[in-house]
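# Okay, sequence plus prediction incoming.
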Amino acid sequence: MAESTQHKLSRVRPPRVQITYDVEIGDAIEKKELPYIVGMMADLSGKPAEALPPVKDRKFVEIDRDNFQDVLSSINPRVAFRVPNRLQPGSADSLNVELKFKHLDDFGPVEVLKQVPALKRLFEARSRLRDLLTKLDGNDDLDALLKSVMASTEDLAALKKQLAGPSAAPAATEPPAEPAAE
């Protein structure tokens, strides 16, 4: 006799829910299995930029591990909120944060901070410092040059002026744009 799907699954990968019932057909009792199908209705888009269609017009979407990324990008989850500005001590301002998730990797800490302009600038500066420290490791000539520039105030002021450029100062104090209205 052929093995039922439910019993094959219990041997290969035990399901969390197994539903069987006994049916009397004549004098014989036969076991029948009920498929376990779940339909879930949820708004997983967060604060969508565009209005969603009414619930009655929405369709069920089958999700599995093969199409999860496609379903996630079609839902286009988005969240917008304000957080206290802890980047500038003593500041009473708030930062506007808008996060969009198109891929499962977008939920990672580095990908989230790349979506916040102020945090992205800090992360890029940290990456440049890490690269500089890597270049300094074992390079005595570069280390001596950097120490001489840091010791000379005129060279340091010239370097700051060169690195700042004409448009860097106003951009740092400019508040970020407001998120879209809800």
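That came in fine, so what should we check first?

# drop to CA atoms for contacts and neighbour counts, all remaining ones
OK.

# residue contacts, N139?
If a contact means C-alpha atoms under 8 Å, 6 or more residues apart in numbering, then N139 has no contacts.

# tell me the phi and psi of it?
phi -110, psi 90 (degrees, to the nearest 10).

# ok, now A49?
phi -70, psi -30.

# ok, how many other residues are close to it?
Number of residues near A49 (other C-alpha atoms under 10 Å) recorded here: 15.

# What score does it have for pLDDT?
In this model, A49 is scored at 81, pLDDT.

# where exactly do the strands run in this protein?
Listed in chain order, the strands of the chain (DSSP state E) span 20-25, 28-33, 78-84, 94-100.

# which one of those is the most hemmed in?
Sort those by mean neighbour count, taking mean count of other C-alpha atoms under 10 Å, and strand 94-100 sits at the top with a mean of 18.

# what mean pLDDT would you report for that one?
What strand 94-100 shows for mean pLDDT is 91.

# What helices and strands are in contact with it?
When contacts are defined as 3 or more C-alpha pairs under 8 Å, 6 or more residues apart in numbering; DSSP states H and E, strand 94-100 packs onto strand 78-84.

# rewinding a little: a markdown table for the strands of the chain, including distance to V112?
Conversion of the strands of the chain to a markdown table gives the following (distance: least, C-alpha to C-alpha, whole Å):
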| stretch | distance to V112 |
| --- | --- |
| strand 20-25 | 46 |
| strand 28-33 | 45 |
| strand 78-84 | 11 |
| strand 94-100 | 7 |
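
# Tell me, how many residues neighbour K102?
Other residues lying near K102 total 17 when counted by other C-alpha under 10 Å.

# where's the residue nearest to it when sequence neighbours are not counted relative to N67, distance?
With C-alpha to C-alpha, 6 or more residues apart in numbering as the measure, S73 is the residue that lies nearest to K102, at 4.4 Å, once sequence neighbours are left out. With the distance defined as C-alpha to C-alpha, to the nearest Å, S73 ends up 10 Å from N67.

# okay but N76 is in contact with L104, surely?
No: taking contact to mean C-alpha atoms under 8 Å, the distance of 11.3 Å between N76 and L104 leaves them out of contact.

# and these two? which has more neighbours close in?
For N76 versus L104, the count of surrounding residues by other C-alpha under 10 Å is larger for N76: 18 against 11.

# who's in contact with that one?
For N76, counting by C-alpha under 8 Å, 6+ apart, the contacting residues are S45, P48, K100, F101, K102.

# mind showing which ranges of the protein have poor pLDDT?
Of all residues in the chain, those with pLDDT under 70 make up the ranges 1-2, 5-16, 165-182.

# which secondary structure elements does the biggest helix by length in the chain contact?
Counting residues, the longest helix in the chain under DSSP state H turns out to be helix 117-136. Judged by 3+ C-alpha pairs under 8 Å, 6+ apart, helix 117-136 is in contact with helix 109-114.

# list the buried ones in the helix it packs on?
The neighbour-count check on helix 109-114 (16 or more other C-alpha atoms under 10 Å) flags V112, L113, K114 as buried.

# Having no further points to raise, I will conclude here.
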